[in-house]
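Asks: just a sequence and a predicted model for now, questions to come.
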Amino acid sequence: MQSFDPTALECLAAIVEEGGFDRAAQRLSITQSAVSQRLRALEAQVGTVLVVRSRPVRPTAAGQLLLKHTRQMRLLRADLERDLGELAPSSTGGAREEERISLAVNADSIATWALPALDALARQGLPLEIITDDQDFTHEWLREGQVLGCVTTVKQALRGCKVQALGAMHYIGVAQAAYARERLPQGLTPHNFRDTPFVAFNRKDDMQGEYVGRAFGLKRVSLHQLFVPSSEGQVRAVLAGWGVSVVPELLVQGLIAQGELVNVAPQARVPVQLYWHCWNLESVVLDQLTAALAQAARESLAAA
């Protein structure tokens, strides 16, 4: 089996993660020429092109395989540094910028329970990189080898990975109190939802339609939607009177208690089951991440 130069592998990862050769050179503190030379040497060793020279740069199929291997090596190095730090705390100087531990987590989890779960590990110096996407799509980052773990709605374990149920996040429809009094005095009903603007996360977000469909027993729902690609931004838009949004109850329960937001359809609630997937590797760091997320989920989410 071939042995690949770790420096060249990290160079490949930097090119892809930073989106180009210039930023990769800045991250690695070398010249752009040196970045190109390392990549060419690695491509010569593998015998194929590893990146598509587009904007941003993207990996080929072979490049994806090497990126996955590189990220697994990062995890092993993180384990080693942790163990060495326990034996001789002065022997390690902290994680390098290029050795980030990447996770894909949906925006609603980031806005509610996931960041507190990772707080202790971040404070210990674990070089985390959290990538956000819709909860129905975060598993694609893991499938492609771009992250070592993800929070997703997918139940089936991916090949080479293990899965753990986290619990259910409940979603409710909310509106600003004054908006609800003026525009929705009877709450959200089968007769007025078509005239109500809904604030969605992005075009991938089908939560608004699913919520209305469940609330009123409809198979097909057409909504007037506005898009704000931030969980907290959706709430701010609702507070500003933009319309209704279906968001995690965890995110807005305080604002409802204060009377700033109202639940526009108390009878309707959408539970979304979340799962943690990660590579099936023996790793203390991976075990710590899994334990931290599982504990926080038990404290914040409904039982799966």
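Replies: Nice, thanks for sending it over. Numbers count the residues shown, from 1 in each chain.
Asks: in the strand ranked longest in the chain, what counts as buried?
Replies: With secondary structure taken from DSSP state E, the chain has its longest strand at strand 161-176. By neighbour count on 16 or more other C-beta atoms under 10 Å, the buried set for strand 161-176 is 161, 163, 166-169, 171-176. The C-beta positions use only the backbone N, C-alpha and C, and glycine is treated the same way.
Asks: so residue 128 bridges to which residues?
Replies: Going by DSSP bridges, residue 128 is paired in beta bridges with residue 101.
Asks: quickly list the domain ranges of this structure.
Replies: 1-99, 100-304 (automatic domain parsing).
Asks: reformat those domains as JSON lines; add mean pLDDT.
Replies: Shown next, in JSON lines, are those (pLDDT from 0 to 100):
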{"stretch": "domain 1-99", "mean pLDDT": "82"}
{"stretch": "domain 100-304", "mean pLDDT": "94"}
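Asks: just say which of those domains is most tucked in.
Replies: Comparing the domains of the chain by mean neighbour count (mean count of other C-beta atoms under 10 Å), domain 100-304 comes out on top with a mean of 18.
Asks: just checking, what packs against the helix or strand encompassing residue 70?
Replies: Element membership of residue 70 [criterion: DSSP states H and E] is helix 61-87. Secondary-structure packing of helix 61-87 (3 or more C-beta pairs under 8 Å, 6 or more residues apart in numbering; DSSP states H and E): helix 6-18, helix 32-46, strand 101-106, helix 284-300.
Asks: show me how far the shortest one is from its chain's centre.
Replies: For strand 101-106, the gap between its own C-alpha mean and the chain's C-alpha mean amounts to 5 Å (C-alpha atoms, centre = their mean, to the nearest Å).
Asks: got it, and stretch 17-28?
Replies: Centre-to-centre, stretch 17-28 and its host chain are 22 Å apart (C-alpha atoms, centre = their mean).
Asks: before we move on, back to that, with respect to residue 76, which of the buried residues of strand 161-176 is nearest?
Replies: Lowest distance from residue 76 to those (C-beta to C-beta) belongs to residue 161, with 16.6 Å.
Asks: distance check, the closest residue to residue 63 other than its chain neighbours against residue 64.
Replies: Distances taken as C-beta to C-beta, 6 or more residues apart in numbering place residue 50 nearest to residue 63, at 3.8 Å, with adjacent residues excluded. To residue 64, residue 50 is 9 Å away according to C-beta to C-beta, to the nearest Å.
Asks: same deal with residue 220?
Replies: Remark: distance between residue 220 and residue 64 (C-beta to C-beta) = 37 Å.
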